[in-house]
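J.: Coordinates only, no sequence provided:
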């Protein structure tokens, strides 16, 4: 009876979502109690979108839930990548926990992320140095392949970490990303990755209940944002490594898979590149903290946290739909120009939003002086 249940993908899919939701829903209040009892609340600063000390480290519940889910769905893990994922996540979790408790230098954080990526590379399931015609390229030198993949993982992890700035946003974007990945892995007949993605949707749904609450609020902290970001990067590596014959399930051309991935991750990536560009334009360090992120601009323009999260989540999903259509009709060179155009529109729109906020602040200052 149990073996029949655990081998049925439909039943396990439902159980993965429900179990993940219930585990996080149960564990988070315990974490909140410890944080409050030990006075470990996160204090607001000039960049914060909250104004009172708030519990953090909800990511502990994600880590514990991930370990349990990987154990229960291991029968679907055909290529045995679960062990590599857990080993990497242990390192990521340790870095996030230290950062939430006492702080950690950016350099140390990057080194830990690098070694966590190295553990994933031990497995051939994420090893595919073939670009399949992307911009006219096929196989690339193996050293360049490793450099590109490491940079990709580091970029995704830190891009996701940077969008965790307002209530509900990281969870909303995460649910959109994991939902899209789950559909892709289901179509490609990769049940282990499909179930894992559904589990993360359940985790983030339960977390959203607390994160958006006015009385039970908690943040995921770096324990959560780094872990979720790394798992997104892990699924991104697997998506790029899907066997060529399995792309028959998709309408988009295999040479466009990198652009499809960029669309799935469009909000974190576009915001990160835009912010870095703005800081360099202002002759500041790319790591200089400010309130130039898109979620800060939307909050400062008058939107609530919930509306900001839903708007950006919808935008992320809309870009995925647009890119999937384009990727099935155009080659990678044409798609490069389309992607550049979409990013340019994104930058211009939020430049106008920023200008409007600055002008409004100037007008209010003038009225106050009068």
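T.: Noted; the coordinates are in hand. Owing to the predicted nature of the structure, the values given are computational and were not obtained by experimental measurement. Numbering: from 1, shown residues only.
J.: For the chain, just list every one of the helices.
T.: Taking DSSP state H as the criterion, the chain carries its helices at 2-6, 9-37, 59-72, 82-101, 106-121, 142-162, 169-187, 191-211, 221-240, 257-264, 266-281, 294-300, 305-329, 332-369.
J.: And stretch 73-86, what's buried?
T.: 73, 76-77, 81-82, 84-86 (16 or more other CB atoms under 10 Å). Quick note: C-beta positions are derived from backbone N, CA and C, even for glycine.
J.: Highest mean neighbour count out of the helices of the chain?
T.: Greatest average neighbour count among the helices of the chain goes to helix 221-240 (a mean of 26), per mean count of other CB atoms under 10 Å.
J.: which strands and helices sit next to it?
T.: Helices and strands touching helix 221-240, as assessed by 3 or more CB pairs under 8 Å, 6 or more residues apart in numbering; DSSP states H and E, comprise helix 59-72, helix 82-101, helix 106-121, helix 142-162, helix 169-187, helix 191-211, helix 257-264.
J.: possible to save these as JSON lines with mean pLDDT?
T.: Below are the helices and strands packed on helix 221-240 laid out as JSON lines (pLDDT from 0 to 100):
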{"stretch": "helix 59-72", "mean pLDDT": "95"}
{"stretch": "helix 82-101", "mean pLDDT": "92"}
{"stretch": "helix 106-121", "mean pLDDT": "88"}
{"stretch": "helix 142-162", "mean pLDDT": "88"}
{"stretch": "helix 169-187", "mean pLDDT": "95"}
{"stretch": "helix 191-211", "mean pLDDT": "96"}
{"stretch": "helix 257-264", "mean pLDDT": "93"}
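J.: Looking at these, spot the one closest to residue 272.
T.: Minimum separation from residue 272 across the helices and strands packed on helix 221-240 (CB to CB) falls at helix 142-162, 4.1 Å.
J.: before we move on, the earlier item: quick one: which of the buried residues of stretch 73-86 is nearest residue 360?
T.: Among the buried residues of stretch 73-86, residue 85 lies closest to residue 360 (CB to CB), at 46.5 Å.
J.: Apart from its neighbours in sequence, what residue is nearest that closest one?
T.: On the basis of CB to CB, 6 or more residues apart in numbering, the spatially nearest residue to residue 85 that is not a chain neighbour turns out to be residue 234, at 6.0 Å.
J.: What separation is there between the one you found and residue 144?
T.: Spatial separation of residue 234 from residue 144 under the definition CB to CB, to the nearest Å is 21 Å.
J.: next one: residue 54
T.: From residue 54 across to residue 144, the span is 44 Å (CB to CB).
J.: same question, residue 173
T.: As judged by CB to CB, residue 173 and residue 144 stand 30 Å apart.
J.: Also residue 358?
T.: The span separating residue 358 from residue 144 equals 42 Å under the rule CB to CB.
J.: give the contact list for residue 131.
T.: For residue 131, the contact set (CB atoms under 8 Å, 6 or more residues apart in numbering) comprises 137-140, 255, 258.
J.: Retrieve the pLDDT associated with it.
T.: According to the predicted model, the pLDDT of residue 131 comes to 75.
J.: ok, now residue 354?
T.: In the predicted model, residue 354 carries a pLDDT score of 81.
J.: Same question for residue 58.
T.: The per-residue pLDDT reported for residue 58 equals 93.
J.: Got phi/psi on it?
T.: In terms of degrees, to the nearest 10, the main-chain angles of residue 58 are phi -60, psi -20.
J.: number of nearby residues for it?
T.: Counted by other CB atoms under 10 Å, the residues lying close to residue 58 total 27.
J.: Against residue 34, how distant is it?
T.: Distance, residue 58 to residue 34, by CB to CB: 12 Å.
J.: For residue 104, see how far away residue 243 is.
T.: With the distance defined as CB to CB, residue 243 ends up 38 Å from residue 104.
J.: between the two, which one's more packed in?
T.: Each of residue 243 and residue 104 has its neighbours counted (other CB under 10 Å); residue 104 has more, 17 against 9.
J.: residue contacts, the more buried one?
T.: With CB under 8 Å, 6+ apart as the criterion, the residues that contact residue 104 are 95, 98.
J.: how about the nearest residue to residue 221 once chain neighbours are set aside, phi and psi?
T.: Leaving out its chain neighbours, the residue that sits closest to residue 221 by CB to CB, 6+ apart is residue 56, at 3.8 Å. The phi and psi torsions at residue 56 (degrees, to the nearest 10) take the values phi -140, psi -170.
J.: list the contacts for residue 56?
T.: 35, 40-42, 100, 218-221, 223.
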